[in-house]
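Peer 1: My questions concern the predicted model and sequence given below.
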2 protein chains.
Amino acid sequence: MDTKSLQLFSHLAQTLHFGRTSEAFHMSPSTLSRHIKQIENEIGHVLFNRDNRSVQLTIEGERFNQYALESLSQWRNFRRSLTTSGEQLVGEISLYCSVTASYSFLYDILSEFRGLHPKIEMKLHTGDPAPALARVMEGHEDIAIAARPNNLPSSMAFKRIAISPLVFIAPNDVNAAQSLGVSMSADSKINWNQVPMILSEEGISRSRVDQWFRQRNAKPKIYAQVSGNEAIVSMVSLGFGIGVVPKIVIDNSPLIDKVSIMDLQPELEAYDVGLFTLKKNLATPIIKAFWQQINR
Amino acid sequence: MDTKSLQLFSHLAQTLHFGRTSEAFHMSPSTLSRHIKQIENEIGHVLFNRDNRSVQLTIEGERFNQYALESLSQWRNFRRSLTTSGEQLVGEISLYCSVTASYSFLYDILSEFRGLHPKIEMKLHTGDPAPALARVMEGHEDIAIAARPNNLPSSMAFKRIAISPLVFIAPNDVNAAQSLGVSMSADSKINWNQVPMILSEEGISRSRVDQWFRQRNAKPKIYAQVSGNEAIVSMVSLGFGIGVVPKIVIDNSPLIDKVSIMDLQPELEAYDVGLFTLKKNLATPIIKAFWQQINR
DNA sequence: TAGATATGTTGCAATAAATGATATATATTT
DNA sequence: AAATATATATCATTTATTGCAACATATCTA
């Protein structure tokens, strides 16, 4: 039995919904399903009665939930007792991350850290992902959450949080799509030299798009260069052109049903989202504490 | 953090000796070392001060040990509370296993089970491994610990405990070895038709040896057919011939320094040691409880 | 002081486990 | 009856774990 399983279980015991719990933990429903089954197997009792439409705790499940909550609480207490025993860590960390990352990961990362180190203040800056690394390199920020570039400076430490594919998006409205020269059907019929594109001004996503066009001996007709993925989604949804953003941006966007992902080959190389800091920063107790906090 | 890690840690905190703890858990020292390092990494503190000659708990290590012992105790309590809540399981299980298995695995398996189900009596039969499966098939025993044959009857359930290679052993004494026609140097110089062999009468080890000889177009000159691996080791150590036994038998034998393992190619297929029972037996609560107890 | 021994760690190749995408089964709603 | 929602099974792929052997270093022995 491990802490992760206990967390999964107790969350599911609250939601009684595999889909929502798996989403909360950034994993697929099937993975969650197998986790639960493995717990049940280890314990030797069924913990949830689930037909395909509802999930209910069994008697043993309620017992186990009691145990799980207590056990998790003790674990957190132990962690806290360790950190508060010596000198309580005091200070501040400046963290730079994109708006998208702040939606999807920040809460998970910060909530646990905060419990552990309440005396450490977090200065959070959100903005365009492109300059994130430079800001860390130049010492403006301690840590950044961003996509990993192909060539990582050797002075930089990186810790992956998630992988998200980089996708082309088109307006969902059929008329708008056709007026852009993009019938949703066949890639081969699209003249990429004439499709108006909405792209980042700089950064990883931009350089990968440029590379993609070079591979096709095409040159993007740039309708607008925008700073920030969320703005790209907005413009695309309004029918101004085709955009390229990490899929995770779509998933968290309120405009999710206004745009649709295009199925193109070859796919763009996926975004490798994670934490960055200068390796030398890891010698600092505060930064080190933050770094280790991220569950592997 | 998981139960296994806590167990490893607290055992090491007692012994303060990587070698002994790793042995107790049937794993290599390197595996243990990396387990500990991973715990330290997750917690963010060094738990043991270890130079290459001594191991000592740090302050944080002692703290963690307190936590670990308490946490493990609560886990056991929870398990017990589940099983004792309904009707306490009462009854008996008959278990058949080889002498070797009784040395190496039985204690681990039974000690935990006994704590969980004190009202279940264990009837233990030790003997030659060869007939173990048949005895279960025929209903004389509920469960057997033995090596997995190549063709497992579909009515049989199997759960692996360990893998042990099947090895040729020769007497360690140089004179004895040479008089058997086996200079320890080169396999190719050995005339396998003339080397006196000491083999099991039947069973997996025997059939794998026969197959090995057939591959070489040789026929074993059988000096003696013996029942029980321990007897084979005895006869080999006395210089009567060459034997074939699972390595685990050697490791647990008092004669370990009287025999030596021969380096031959191709190697015999390894022993796959584990638990057997009839699948239909797993419907029985008592058998099921035992089966699930075995840590995966 | 030099060699032998004990002991924890690291590199590497092989094995085992975990994961997500997809397909499937079935209950509920429309 | 068709569409939708939801948990699970299957499969290919990725990731993690493991043991062996080599290594480094501390202690013991002569």
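Peer 2: Looks like it arrived, so ask away. Please read these numbers as outputs of a predicted model, since none were measured by experiment.
Peer 1: I'd say A:D173 and A:F240 touch.
Peer 2: No. If you go by Cβ atoms under 8 Å, A:D173 and A:F240 don't touch, sitting 11.9 Å apart. C-beta: built from backbone N, CA, C; applies to glycine.
Peer 1: Mind checking which of these two has more residues around it?
Peer 2: Ranked by neighbour count (other Cβ atoms under 10 Å in any protein chain shown), A:D173 and A:F240 place A:F240 first, with 19 against 15.
Peer 1: how near is the more buried one to DNA strand C?
Peer 2: Using Cβ to the nearest atom of the strand, to the nearest Å, A:F240 is found at 28 Å from DNA strand C.
Peer 1: Name all residues that make contact with that residue.
Peer 2: By Cβ atoms under 8 Å, 6 or more residues apart in numbering or on different chains, the contact set of A:F240 is A:196, A:198, A:223-224.
Peer 1: Of those residues, which belong to strands?
Peer 2: A:196, A:198, A:223-224 (DSSP state E).
Peer 1: Which of those are buried? Put it as a PyMOL command.
Peer 2: For the buried members of the ones in strands among the contacts of A:F240, the matching PyMOL selection, counting by 16 or more other Cβ atoms under 10 Å in any protein chain shown, is:
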select buried, chain A and resi 196+198+223
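Peer 1: What is the nearest of the ones in strands among the contacts of A:F240 to DNA strand D?
Peer 2: A:I198 (30.0 Å; Cβ to the nearest atom of the strand).
Peer 1: Could you dump the contacts of A:F240 into TSV and include pLDDT?
Peer 2: Listed next are the contacts of A:F240 as TSV, based on pLDDT from 0 to 100:
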residue	pLDDT
A:P196	89
A:I198	90
A:Y223	88
A:A224	88
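Peer 1: Please identify which of these is nearest to chain B.
Peer 2: The nearest member of those to chain B, counting by Cβ to the nearest Cβ, is A:I198 at 43.0 Å.
Peer 1: can you pull the contacts of the closest one?
Peer 2: A:222-226, A:232, A:235-236, A:240-243.
Peer 1: Weed out the non-buried ones from these.
Peer 2: Buried, going by 16+ other Cβ under 10 Å: A:223, A:226, A:232, A:235-236, A:240-243, out of the contacts of A:I198.
Peer 1: before we move on, what SS does the residue of the stretch 51-200 of chain A at minimum distance from DNA strand D have?
Peer 2: Per Cβ to the nearest atom of the strand, A:N52 is where the stretch 51-200 of chain A lies closest to DNA strand D, at 4.0 Å. At A:N52 the chain is in coil, as set by DSSP: H, G, I helix; E, B strand; the rest coil.
Peer 1: So which of the contacts of A:I198 is the closest to chain B?
Peer 2: Looking across the contacts of A:I198 and measuring by Cβ to the nearest Cβ, the closest to chain B is A:I232, at 38.2 Å.
Peer 1: Please identify which helix or strand holds that closest one.
Peer 2: A:I232 is part of helix A:229-237, with elements assigned from DSSP states H and E.
Peer 1: and after that helix, which helix or strand comes next?
Peer 2: Next along from helix A:229-237, by DSSP H and E: strand A:242-246.
Peer 1: Run me through the strand neighbours of that next one, direction for each.
Peer 2: Here strand A:242-246 has these sheet partners by DSSP bridges: strand A:166-171 (antiparallel), strand A:196-200 (parallel).
Peer 1: which non-adjacent residue is nearest A:Y223?
Peer 2: Using Cβ to Cβ, 6 or more residues apart in numbering or on different chains and skipping residues adjacent in sequence, the residue nearest A:Y223 is A:P196, 3.6 Å away.
Peer 1: now swap in A:N49 and tell me
Peer 2: Per Cβ to Cβ, 6+ apart, closest to A:N49 is A:Q56, 4.8 Å.
Peer 1: Report whether the helix or strand where the one you found lies contacts DNA strand D.
Peer 2: Secondary structure assignment for A:Q56, by DSSP H and E: strand A:55-57. Yes. On the criterion Cβ under 7 Å from any atom of the strand, strand A:55-57 is in touch with DNA strand D at A:V55.
Peer 1: quick one: average pLDDT of that strand?
Peer 2: Across strand A:55-57, pLDDT averages out at 88.
Peer 1: and it, what other elements does it pack with?
Peer 2: strand A:48-50 (3 or more Cβ pairs under 8 Å, 6 or more residues apart in numbering or on different chains; DSSP states H and E).
Peer 1: Only the buried residues of the strand it packs on, if you could.
Peer 2: Applying 16+ other Cβ under 10 Å to strand A:48-50 flags A:F48 as buried.
Peer 1: And for stretch A:46-57?
Peer 2: By neighbour count with 16+ other Cβ under 10 Å, stretch A:46-57 contains the buried residues A:47-48, A:55, A:57.
Peer 1: Next, give me the two most distant ones among the buried ones among the contacts of A:I198.
Peer 2: The most widely separated members of the buried ones among the contacts of A:I198 are A:V226 and A:I242, with 12.7 Å between them, by Cβ to Cβ.
Peer 1: Farthest pair within the contacts of A:F240?
Peer 2: Farthest apart among the contacts of A:F240 by Cβ to Cβ are A:P196 and A:A224. That separation is 8.2 Å.
Peer 1: ok, which stretches of chain A are helices?
Peer 2: For chain A, the helices defined by DSSP state H cover A:3-15, A:18-24, A:29-43, A:59-85, A:99-104, A:106-116, A:132-137, A:174-179, A:204-215, A:229-237, A:247-251, A:285-293.
Peer 1: Give me the contact status of the longest one with chain B.
Peer 2: When you say that, I think you mean helix A:59-85. Yes. Using Cβ under 8 Å from any Cβ of the partner chain, we find that helix A:59-85 touches chain B at A:60, A:63-64, A:67, A:70-71, A:74-75, A:78-79, A:81-83, A:85.
Peer 1: Report the distance from that helix to the chain centre.
Peer 2: 27 Å (Cα atoms, centre = their mean, to the nearest Å).
Peer 1: Report whether it contacts DNA strand D.
Peer 2: No. Counting by Cβ under 7 Å from any atom of the strand, DNA strand D has no neighbours in helix A:59-85; the shortest distance is 12.4 Å.
Peer 1: Could I get the contacting residues of A:P220?
Peer 2: Neighbouring residues of A:P220 by Cβ under 8 Å, 6+ apart: A:192, A:195, A:197, A:199, A:209-210, A:213.
Peer 1: now with 10 Å?
Peer 2: Applying Cβ atoms under 10 Å, 6 or more residues apart in numbering or on different chains to A:P220 gives the contacts A:192-193, A:195-199, A:209-210, A:212-214, A:241-242, A:244.
Peer 1: what do you get for A:M235?
Peer 2: By Cβ under 10 Å, 6+ apart, A:M235 lies in contact with A:171, A:196, A:198, A:223-224, A:226, A:241-243.
Peer 1: now swap in A:P196 and tell me
Peer 2: A:179-182, A:220-224, A:235, A:239-243.
Peer 1: Could you point out which of the strands paired with strand A:242-246 sits nearest B:L278?
Peer 2: strand A:166-171 (53.0 Å).
Peer 1: How far away from the center of its chain is the closest one?
Peer 2: The answer for strand A:166-171 is 18 Å, by Cα atoms, centre = their mean.
Peer 1: do the same with stretch A:244-262
Peer 2: Using Cα atoms, centre = their mean, the offset of stretch A:244-262 from its chain centre is 13 Å.
Peer 1: Is DNA strand D within reach of that stretch?
Peer 2: No. Judged by Cβ under 7 Å from any atom of the strand, stretch A:244-262 stays clear of DNA strand D, getting no closer than 12.3 Å.
Peer 1: Tell me which residue in the stretch 101-250 of chain A sits closest to DNA strand C.
Peer 2: With Cβ to the nearest atom of the strand, the shortest gap between the stretch 101-250 of chain A and DNA strand C falls at A:P165, namely 7.8 Å.
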